[in-house]
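Colleague: Output the structure for:
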Amino acid sequence: SLYSNVCRSLFEKHTLLFSFLLTSRILMKEDKIDSNELKYLISGEGIVSKQISNPAPDWVNGRTWNEILCIQSLAKFANFANEFVDTSQDFKHIFDSNTPHREKLPGRWSRLNSFQKLLLLRCIRPDKLTDAIQCYVADNIGQRFVEPQTTDLRLVFKDSTPTSPLIFILSPGTDPSAELHKFAAEMKFTDKLSCVSLGQGQGPVVVKKVKEGMETGKWVFLQDYHLCPSSMSTLEQLVKQIDIDKVDKDFRLWLSSMPCAKFPVSILQNGCRFVLEPPKGIRANLLKSYTAMSDEFLCVSNKKREFRYLLFSLCLFHGVMLERKRFGSLGFNIPYEFSVADLKICMSQLQMFLHEYPATPFKILRYTAGELNYGGRVTDCWDRRCVMHILDDYYNENVLREGHKFDESGIYHQLHPDVKLSSYLEYIANLPTVDSPEIFGLHENANIAYGQRQAVQLLDGLASIQRVTSTERVASRKTIIECVSEHILSKIPAPFQIEEVMKQYPAKYEESLNTVLTQEVIRYNTLIHTVVSSLNTLHKALNGMVVMSQQLEEVCASLYENSVPKTWTNKAYSSLKSLAAWVDDLVERLSFIQRWITNGAPVVFWFPGFFFPQAFLTGTLQNYARRTKSPIDTVSFSYKVLTPRDQVTERPEVGCYINGLYLEGARWCYEANELTESRPNQLYTEVPMISVIPVSNNSSSDSGVYKCPLYKTLKRAGVLSTTGHSTNFVTDIQLPTRMSQQHWVKRGVAMLCSLDY
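Modeller: I've put the predicted structure just below:
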């Protein structure tokens, strides 16, 4: 079918996007979906016309409440926020449910149609929006439109001709070579399959092999074509010149390539495309690893017992490393592409070291696997710390025991060392297909973060391909953009008077924070000028007074889709907020700076309000170093989290007080004044006020504390700086805890200056 042909050339994450687009277009033609409601589903919160107090802050976070306030702009949801205040406990039942998309809505809201229920779910439980959209598609156009599509080479080959190349679209960790050789054997073409592994300087070889295949009827397989961009135009011309009447009917051109911007469009359009993705889930990865083994391989070591135990442990570690990245920054700051090659070299080293050393050399095994093989791909030092702590669970003395459990539930455990390969395969086949966060060392809330990440990717995909389809929508689009533009201009204050600030807070040797304030004012003034000037020019362009440039078109699209224009983000601080939340945040930041200018340095600094928070910390260190005449490279920070009982009325003599930070992956226990586990469904929690104390030659112990990294945004990744840290990284703060450092590292616990709402 047409649907199957399209889906086999899409990555799995895009198939639901395609199915939902198909469904929504059909139902919009039948007037079953309102265009404004579709826009809200895609773009979410916008301008809040009326402020109402949050009735249940214990479970309704800031983002949820903003969404509830904004959804009232839709006709079907007028007065929803007021009714929510009166019936919040009825909605809490939906919030607490494991399947909120299947729960009945309270009161008159149960009469909403299935699409409108998606909008409420977007507000209350966005992590289940992907599941709800799957059900919505299945209910409206059929279950087969949400089921995974399998790629059968026989069917693809049947659709191909000598003039239409067959293209494997690769993703990291995939290799179609074995599958193609197997298919060639089935078609009795083994001797007529010619493979070329591409790279630099292989262009002439490609031309020669393709021409030879066209004449002799061979199959030509060009592997990793993205590595040879210089010859792509040559191949394009070669394929265009194939004469169907002259070429051998058996000739086929096979290509494999990662997604590549330079790949010839004509070859993609005329070819038979199909996507290859690696197995997903620990079970699938273990199965892939053990399917490639034999009973002889399991007995290859002279220490059979240790080898089998450590081999299973290593394969499980490999699966955990591959799958952990799906949890986003809770898993790793950067999504690394670990491969089968990493596992194979570790297996070879395991066999070699067991043979060479009388005792199991765990230290060497941990170093080679964690620092060299897997660690060789890791560029972030906090991710490297995570890899080593995870590896400690899989390379230690305890794993050399029958029945050793790798997780608390005991689902993943060691088998008897004398069992055959078939027993391993049978055990692996019975493992759960959906991985619990427990095996990764993560909290159950990680599933919520994963669900929200999936929903964001889906909605971002919808926003990127949304198009204006009628003049009526063009008119409404202009009205929305003008309304949003005027709202933003009304909220943004005038730029700061930099000369007056420099006069009031001159550069002083004994007060470095004056320089910090001046730098902050200059940065914020630049941002204010960029925002205001672009909106004023946009207003003129919408009214035909100036030409609508490409840059203004992008600003238009961003305002309509409730996203921050790129021209603004280029001049702004790091932020993941939507446009409405970003504007509110900017206003709050400017108010913080204005209060500092008007009233003097605050008693407690709102840390997220700094454009460049590292400068503030450096200024605080400089003040201490100059006062005590200490070399600044010997001065560092000590931190103390204050309790609600600590009354702060004036600035400390040494250091400063900061607030406004958040914790992800854990929460702060006010009773015990220490780090503790998160509550269910609570992803982020506020951190109490922190006393930042500069000390000379700090030699504090790591015992009883967790060295917690502090980042600017939820997306902890940034550009790798010369310090070895991400540009998103600010500093690390020691938090007291009863649990081990390893526990919180595997939890992915970090502090944040800003959330995404």
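
Colleague: if I pick residue 423, what's in contact with it?
Modeller: Residue 423 makes contact with residue 415, according to Cβ atoms under 8 Å, 6 or more residues apart in numbering. Heads up, the C-betas are built off the backbone N, CA and C, glycines and all.

Colleague: Can you name the element that comes right after the helix or strand where it lies?
Modeller: Residue 423 belongs to helix 421-429 when assigned by DSSP states H and E. Heading C-terminal from helix 421-429, the first helix or strand you meet, by DSSP H and E, is helix 446-465.

Colleague: what about the stretch 151-300 of the chain, any weak spots by pLDDT?
Modeller: Along the stretch 151-300 of the chain, the model assigns pLDDT under 70 to residues 200-201.

Colleague: one step back: what's the average pLDDT for the helix holding residue 423?
Modeller: Throughout helix 421-429, pLDDT has a mean value of 90.

Colleague: Please apply the same query to stretch 51-59.
Modeller: On average, stretch 51-59 scores 81.

Colleague: outside of it, which residues touch it?
Modeller: Residues contacting stretch 51-59 (Cβ under 8 Å, 6+ apart): 60, 62, 65, 69, 81-82, 84-85, 88, 92, 95, 681.

Colleague: So which of those residues is surrounded by the most neighbours?
Modeller: residue 84 (26 neighbours; other Cβ atoms under 10 Å).

Colleague: Report the buried residues of the helix holding residue 423.
Modeller: Neighbour-count burial for helix 421-429, counted by 16 or more other Cβ atoms under 10 Å, picks out 424, 427-428.

Colleague: What ranges does the stretch 51-200 of the chain have for its strands?
Modeller: Remark: strands assigned in the stretch 51-200 of the chain by DSSP state E, counting those that start in this stretch are 166-169, 193-197.

Colleague: Note down every partner strand of the shortest one and its orientation.
Modeller: Paired neighbours of strand 166-169 in the sheet (DSSP bridges): strand 252-257 (parallel), strand 272-275 (parallel).

Colleague: what comes up buried for the following helix or strand past the shortest one?
Modeller: I take that to be strand 272-275. Later in the chain than strand 272-275, the nearest helix or strand by DSSP H and E is helix 282-291. Within helix 282-291, the residues that count as buried by 16+ other Cβ under 10 Å are 282-290.

Colleague: do the same with stretch 85-103
Modeller: Applying 16+ other Cβ under 10 Å to stretch 85-103 flags 88, 91, 94-95, 100-101, 103 as buried.

Colleague: what mean pLDDT would you report for that stretch?
Modeller: 85.

Colleague: mind checking how far that stretch is from the chain centre?
Modeller: Centroid separation between stretch 85-103 and its chain, computed with Cα atoms, centre = their mean, to the nearest Å, is 27 Å.

Colleague: what's near enough to touch residue 255?
Modeller: Counted by Cβ under 8 Å, 6+ apart, residue 255 has contacts 165-168, 221-222, 225, 267, 271.

Colleague: same thing but at 7 Å, please
Modeller: Residues in contact with residue 255, defined by Cβ atoms under 7 Å, 6 or more residues apart in numbering, are 165, 167-168, 222, 225.

Colleague: For residue 216, see how far away it is.
Modeller: 19 Å (Cβ to Cβ, to the nearest Å).

Colleague: do residue 256 as well
Modeller: With distances taken as Cβ to Cβ, residue 256 is found 22 Å from residue 216.

Colleague: Equivalent analysis for residue 177, please.
Modeller: Residue 177 is 21 Å from residue 216, by Cβ to Cβ.

Colleague: Check residue 737 too.
Modeller: On the measure of Cβ to Cβ, residue 737 and residue 216 end up 70 Å apart.

Colleague: which one of the two has more residues nearby?
Modeller: residue 737 (20 against 12).

Colleague: Now that one. Nearest residue, chain neighbours left out?
Modeller: Excluding the flanking residues, the one nearest residue 737 by Cβ to Cβ, 6 or more residues apart in numbering is residue 675, at 4.1 Å.

Colleague: surely the one you found meets residue 733?
Modeller: No - look at residue 675 against residue 733 with Cβ atoms under 7 Å: they stay out of range, at 10.7 Å.

Colleague: the more surrounded of these two?
Modeller: Remark: of residue 675 and residue 733, residue 675 carries more neighbours, 25 against 22, as counted by other Cβ under 10 Å.

Colleague: Pick out the most distant pair among the buried residues of stretch 85-103.
Modeller: Maximum pairwise distance among the buried residues of stretch 85-103 (Cβ to Cβ): 19.3 Å, between 88 and 101.

Colleague: who's in contact with the residue nearest to the spatial centre of the chain?
Modeller: With distances taken as Cα atoms, centre = their mean, residue 328 lies nearest the centre of the chain, 4.1 Å away. By Cβ under 7 Å, 6+ apart, the contact set of residue 328 is 449, 453.

Colleague: Tell me which residues are up against the lowest-mean-pLDDT helix or strand in the chain.
Modeller: Least confident helix or strand, the chain: helix 471-491 with a mean of 75, by mean pLDDT, DSSP states H and E. Residues outside helix 471-491 that contact it (Cβ under 7 Å, 6+ apart): 35, 47, 468, 532, 535, 538-539, 542, 556, 559-560, 583, 587.

Colleague: which of those count as buried?
Modeller: Judged by 16+ other Cβ under 10 Å, buried ones among the contacts of helix 471-491: 47, 535, 538-539, 542, 556, 559-560, 583.

Colleague: Please convert those residues to CSV, extending it with distance to residue 489, secondary structure and pLDDT.
Modeller: Below are the buried ones among the contacts of helix 471-491 laid out as CSV (distance: Cβ to Cβ, whole Å; DSSP: H, G, I helix; E, B strand; the rest coil; pLDDT from 0 to 100):
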residue, distance to residue 489, secondary structure, pLDDT
47, 13, coil, 62
535, 6, helix, 91
538, 10, helix, 87
539, 9, helix, 87
542, 13, helix, 83
556, 15, helix, 87
559, 12, helix, 86
560, 16, helix, 82
583, 10, helix, 91
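
Colleague: Need the max-distance pair from those residues.
Modeller: 542 and 583 (19.1 Å).
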